[in-house]
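Peer 1: Following is a predicted model, sequence given first.
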Amino acid sequence: MGKRENMLTGMIKEVTTRRITCHVSLHAARTIGRGIAMLLGNSGGGGAAAGLPVEVWRVVLAYLPLPELGRCSLVCRAWRELILSLDNTRWRQLCLGLPECPRHPNWPSRPHLEPSSWREALRQHALASRTWSRHGQPELQASACLHLFRRRKERRVWQVGPGRELETLRGALGVAGPYDRVVLHPGVYEEQAELALKVPVEVVGLGCLGDVALLVSLEQQCPTARLCNLVFMPAWFSTVVYKTSSGHVQLDNCNFDGAQLQVRGPGTCHARFCSFSQGSSTHFMGVALSLLDSCDFSGSDSASVSVDGAPVAERNWACKHLAALARVSTSWASSGNFRPPGDTLDGHGDTPTPLGATGTPEDWNRGKTRERGGGEGVCKNTVIDDGWSDCDPSEEEEYEEEEVDKGSRRGSVNDTPVKYPLGHGCHGLSHLLMARPDGSLPSCASPNPPSLTPELRTLAEELQRDPEAQALVRAVQGCVLRRCLFRDGKGGVQVCNHGNARIEGSVFRGLTYAVRCIQNATMVMLCNEVCECRGSGVFLRLSAQGLIADNNIHSNGEAGLDIRKGANPIILCNRIHSGLRSGIVVLGNGRGSIRSNQIYNNKEAGVYILFNGNPVVSGNHIFQGQAAGIAVNENGRGMIVDNVIRENLWGGADIRRGGDPVLRNNYICHGYSDGVVVGERGRGLIEGNHIYCNKGCGVWVMSSSLPQLLKNYITHNRMYGLAVFCRKDPEGGAPREGVQGGGGGDGGQENFHEEGELLAWESDLDSEDERHPTRRSVSTALVEGNCMSHNGAVGLYVKSSEPLNVVANLVNGNCGAGVAVLQSSQLMRLVANCIHGNGRGGVTVERECRVELRGNGVYDNGGHGVSFRGDGHVIENDVVGNRGYGIRLADSADIKVLRNRVQPVQGSGIAVLGPAKAVVHDNLVFQGHPGNVKPMLLCNPGNDSCVLRNNTLLMHSNRTCLQTPTWVLEDPPPRPQFDPPNSQHPSSPGHPSHLAISMTTRITATVESGCHNNGSVFCSIL
């Protein structure tokens, strides 16, 4: 290194070693900068090549104090970059070494997290600490040079303490002038009467926090004041240690021990890095704006922070400055978006299935098999408490199948393929089975379940779609709490009586409740963590409202969010999980918009709606719960749309005991029990849902319920597609094995009682009855326009004592029968359905059942097309291509078979076996395979109760055996009949289900007389 370089290095060393006693002027800094430029080369780079690496200069500059760092950063771009690179060294040291507030920027909630920028944290601290002194400063207008003429008043510093110029705080406040500084030396300062602050003053404790303690009660009567590094303890005559009703107070690094802080509007408060312990609390009454930043609240006997009353219209001078501080982005405070480290999606360190994609059931089942008692669930040969199996034929059916097989073998000697089925591919539901333009199959026809589910919307997307939520995010008024810690007490924040509060980046832990918003109050909660509360985490009632977004709410003793009595919040993009009860409870006329949340791993229902609760639950992912995904009980309502409800231990949706929701366009899949359960007295509109890959049934409907199931896709479920059972809920709400009994787990009941409050919901149920005008009122359960495909057992299983209308459904590709009716004491109507390609029979009706089949298409099933042992009508159906008999009437059936078109493959077209009472007339029967030797009309010769009349039989001739016959289904075309749907909304009149309903109404108007249980009226006349 040359002589010039040695001189410059010595000059820099001398300057930096004398940093305490001298200032580096801007001229000297520029001189050193030119020297650095010479050492680094004329181009400003190549420091290592010049013999002095950049790292060395960082060490040199790290010795400079804060003012000199600022001046040196103005020298040149190279120096500025060097100084900015000191963020984790010198800037961190300066930030943590502040004499009056040596706190970590993320204290108290997350001190283990490094801020994204220590320099920015120091800048924000400097700006906030000077807020109190901005009162009385003139606003500079057009001329920027007016500041040259401003005269700065010298502030006097008063030393207070034993042996100092002043010994008492009262004496110091009596002599202090405006904006003077009162320094309290270590000791305890106690006053026997209330003190008044009449001039703006700054009171600072000397030494560490705790060295200066005040046992006083202060009332502020001046425009502004600042208190720093003090411990407040209540005086003997009052627990209120500080109160203001008009001025602004700034509290920095103070500790309140068993004391109260009161702020009344238009007064304001700015508290930073303060501790409130041993029952301390803050009370804000009618404040326009106050800010609590990085404060610690612990051991409270009631609410730690209470906000009461609407913000007053009058504003003091500090409101504009506090608003600017409140709007500053808090992204610099932590690099984790206020999420604690190690906080995973499920709250236990495990990573669940990624959202937006549905993993294979086998991957998730491996961890849950032991929990459910092992086993993969029931897929085939399913028997449920009735001794009937959809896959075990009777002895008579086995004999008939053997005969059919013999005929098939005789007809296939020359390996002649089956060429003669009637064409039926253009029926009214054929569009559901056709391939899309890209070659893919629709979910009804595809052998594979859907592989993708809708992704969650981000908070930015939700805010863009909701102007009301945008306005709440932008609004800054009332009490603002940022980066605070509430722990180990009774309550966190209570907002009441039209009060306003905004809570950001705070942590609530180990409380009875975290936030309570009541009595028309409004709150905004953003990016908070609410956990381990003994009661509900967030509680809203009595017309409370606001925005709860991007929070992590988990591990609470009761519900994560409790909404009741007219409360109507907006709940967006939260993670609500690992609760000991439900995730969200809405009851007692509670409402709310619950959108794009992740609700998972709760012990009871993810969303529980009851007692006339009526929320909008949209776009959420509700998964891996230990009970139902969504439970709607006790006259609950709600609009439940576009949710992904998956992998829940009980059913996806549970509706019972007067529940009447709208369940629309949801994905309910991969559950360990049924997809949707409609229990006793359950109602609701269940429309357009994708219900698939559940280990139980797709939809389970119990007795005395009146649901409307419209245009759902019920596919690939392990058991039945849709099961309708005549079974009341067991006592105590205990579920059947594998099926949920409500929203709670272990038979427990949610604690819906508030302290000292009786549940008298009936007196409040007459408010806002928001029924949906497009919903049709029904007196009979309705199953219309659904697709029940590729389920492991029967597509539609009915064992009920209630009437049921089944209209315009596609039942295809199920492993068992298409429709099985085992019990139906009241009339069940199957109208305009397509029952196609099922593993066993098309429609099976057992003894003592009353069923009407009208206008259906029963095609290509593996057993009999229609097998009837009960009573009813089979009218105007197309029964074509089934492996067994076309229509089989057996035992004591009492039935009319009219105007059907039948073509079996191998068996008889219409067979009347045993003592069945039947009227069979005006049917058109086509012969199937030419080798079929079964009679096309088969009737027991000794059966006098059977009437066969005006039936037409079409047989193959020798000429037609050599070529395909010209038989077609025309006048009318293949059933069911109506136009395919267009792009209209499912609730519009163009929807096929509505067309089917109009057709059903027309047909039912001309229906023949009811089932003749006591003898055939027609047979008696004849």
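Peer 2: On my side now, so go ahead.

Peer 1: For Asp922, see how far away Cys484 is.
Peer 2: As defined by CB to CB, to the nearest Å, Cys484 lies at a distance of 82 Å from Asp922. C-beta coordinates here come from the backbone N, C-alpha and C atoms, glycine included.

Peer 1: Show me which of these two is the more surrounded one.
Peer 2: Summary of the neighbour comparison: Cys484 and Asp922, criterion other CB atoms under 10 Å, with Cys484 having more neighbours (27 against 14).

Peer 1: From what I see, the more buried one and Thr282 are in contact.
Peer 2: No: counting by CB atoms under 8 Å, Thr282 is not a contact partner of Cys484; they are 10.6 Å apart.

Peer 1: Give the residues shared as contacts by the two.
Peer 2: Common neighbours of Cys484 and Thr282 (criterion: CB atoms under 8 Å, 6 or more residues apart in numbering): Leu292.

Peer 1: Low-confidence stretches in the stretch 101-250 of the chain?
Peer 2: Judged against pLDDT under 70, the low-scoring parts of the stretch 101-250 of the chain cover residues 101, 135-153.

Peer 1: can you list the weak-confidence ranges in the stretch 301-450 of the chain?
Peer 2: In the predicted model of the stretch 301-450 of the chain, residues 329-421 satisfy pLDDT under 70.

Peer 1: try it again with 50
Peer 2: Per-residue confidence of the stretch 301-450 of the chain (counting by pLDDT under 50) places the weak regions at 329-385, 387, 391, 394-396, 398-399, 407-418.

Peer 1: Going by neighbour count, list what's buried in the one helix or strand Ile83 maps to.
Peer 2: Assigned by DSSP states H and E, Ile83 falls within helix 77-84. Within helix 77-84, the residues that qualify as buried by neighbour count (16 or more other CB atoms under 10 Å) are Ala78, Trp79, Leu82, Ile83.

Peer 1: Run the chain-centre distance for that helix.
Peer 2: Here the centre of helix 77-84 is set off from its chain's centre by 47 Å, with CA atoms, centre = their mean, to the nearest Å.

Peer 1: change the start of the numbering to 224 and stick with it
Peer 2: With 224 as the first residue, the last one maps to helix 300-307.

Peer 1: mean confidence for that helix?
Peer 2: For helix 300-307, the mean per-residue pLDDT is 82.

Peer 1: ok, now which ones touch Glu442?
Peer 2: If a contact means CB under 8 Å, 6+ apart, then Glu442 has Glu417, Leu418, Ala419, Leu420, Tyr465, Lys466, Thr467 as its contacts.

Peer 1: Most neighbours among those residues, which one?
Peer 2: By neighbour count, taken as other CB under 10 Å, the most surrounded of the contacts of Glu442 turns out to be Tyr465 (26 neighbours).

Peer 1: give the contact list for that one.
Peer 2: Applying CB under 8 Å, 6+ apart to Tyr465 gives the contacts Ser440, Leu441, Glu442, Gln443, Leu450, Phe455, Val472, Leu484, Gln485.

Peer 1: before we move on, back to that, just checking, next helix/strand downstream of the helix holding Ile306?
Peer 2: Moving toward the C-terminus from helix 300-307, the next helix or strand (DSSP H and E) is helix 315-319.
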